[in-house]
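S.K.: structure, please.
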Amino acid sequence: MNGCLADSSNHLRSLEMLHMHKTIIAACIALLSLFALPTAAQARLQCVTYARQVSEVQISGNARDWWGNAEGRYERGHAPKVGAVLAFTGTRSMPYGHVAVVHKVIDDRHILIDHANWSRPGMVERGVMAVDVSAAGDWSEVRVWYAPTRSLGLRPSAAKGFIYPRTVTASAETASNAG
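M.R.: All right, here's what the predicted structure looks like:
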């Protein structure tokens with residue numbers, strides 16, 4: 001009889017130890033997952049990250065700071081060129097600004113852009129319309145395609161201008177030297 005009680009007692013201790021080990025393992029996995037898996041906010045692709053990935057313009061900081069951060073490093077201007085980054089101003093509705101990469105120039109006032117995080121958080125849009133609606137034709141006010149309404153945005157967004165990657169400036173210089 002004492003042998004049966006001892007066996008039962010050992011079996012109970014073994015089950016308790018197994019349960020404790022499973023609990024510790026589950027806690028460790030939960031803790032590791034906090035570091036290994038991105039949170040929803042981290043998983044969303046931001047416009048700055050996207051612009052750096054798809055263009056040759058490598059600037060840090062919030063989009064609203066790109067224009068100033070480009071000074072002395074990249075040429076800047078008000079004419080769209082393929083590969084250039086259009087830098088939007090930070091505003092009340094867009095406090096961190098925005099950046100988009102010129103995909104195609106249609107004419108002086110119409111371009112197609114590639115960008116992220118405009119129509120929906122983290123959404124990447126390629127080849128969408130952007131239109132210069134500024135009175136001066138200097139791309140200081142831009143309306144951009146907005147997917148939820150399937151039209152250009154209802155209000156213009158303020159922009160600083162275009163930041164040209166070194167390859168765009170170099171090829172423009174080569175063309176002007178040749179001509």
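S.K.: drop to CA atoms for contacts and neighbour counts, all remaining ones
M.R.: Fine.
S.K.: show me the shaky parts of this protein.
M.R.: For the chain, applying pLDDT under 70 flags the ranges 1-43, 168-179.
S.K.: quickly list the domain ranges of the chain.
M.R.: 1-37, 44-178 (automatic domain parsing).
S.K.: burial count for His110?
M.R.: Neighbour count for His110, taken as other CA atoms under 10 Å: 18.
S.K.: nearest residue to it in space, please, no chain neighbours.
M.R.: Val131 (4.7 Å; CA to CA, 6 or more residues apart in numbering).
S.K.: burial count for that neighbour?
M.R.: 21.
S.K.: and it, what does it touch?
M.R.: Arg109, His110, Ile111, Val142, Arg143, Val144 (CA atoms under 8 Å, 6 or more residues apart in numbering).
S.K.: ok, of those, which one's closest to Arg44?
M.R.: Val144 (20.5 Å; CA to CA).
S.K.: so which strand or helix has the closest one?
M.R.: strand 141-146 (DSSP states H and E).
S.K.: and that strand, what does it pack against?
M.R.: With contacts defined as 3 or more CA pairs under 8 Å, 6 or more residues apart in numbering; DSSP states H and E, the packing partners of strand 141-146 are strand 124-132, strand 151-152, strand 157-164.
S.K.: need the winner for burial among these.
M.R.: strand 157-164 (a mean of 24; mean count of other CA atoms under 10 Å).
S.K.: which outside residues touch that one?
M.R.: For strand 157-164, using CA under 8 Å, 6+ apart, the contacting residues are 57, 67, 70, 74-81, 83-91, 138-143.
S.K.: give me the buried subset of the residues you listed.
M.R.: Among these, those classed as buried by 16 or more other CA atoms under 10 Å are 57, 67, 70, 74, 76-81, 83-90, 138-143.
S.K.: so of the residues you listed, which ones are in strands?
M.R.: Arg76, Gly77, Val85, Leu86, Ala87, Phe88, Glu141, Val142, Arg143 (DSSP state E).
S.K.: of those residues, closest to Pro95?
M.R.: Phe88 (10.2 Å).
S.K.: distance of the spatially closest residue to that closest one that is not a sequence neighbour relative to Thr167?
M.R.: Of all residues not flanking Phe88 in the chain, Ala159 sits nearest, at 3.9 Å (CA to CA, 6+ apart). For Ala159, the distance to Thr167 equals 23 Å [CA to CA, to the nearest Å].
S.K.: perfect, I'm done here.
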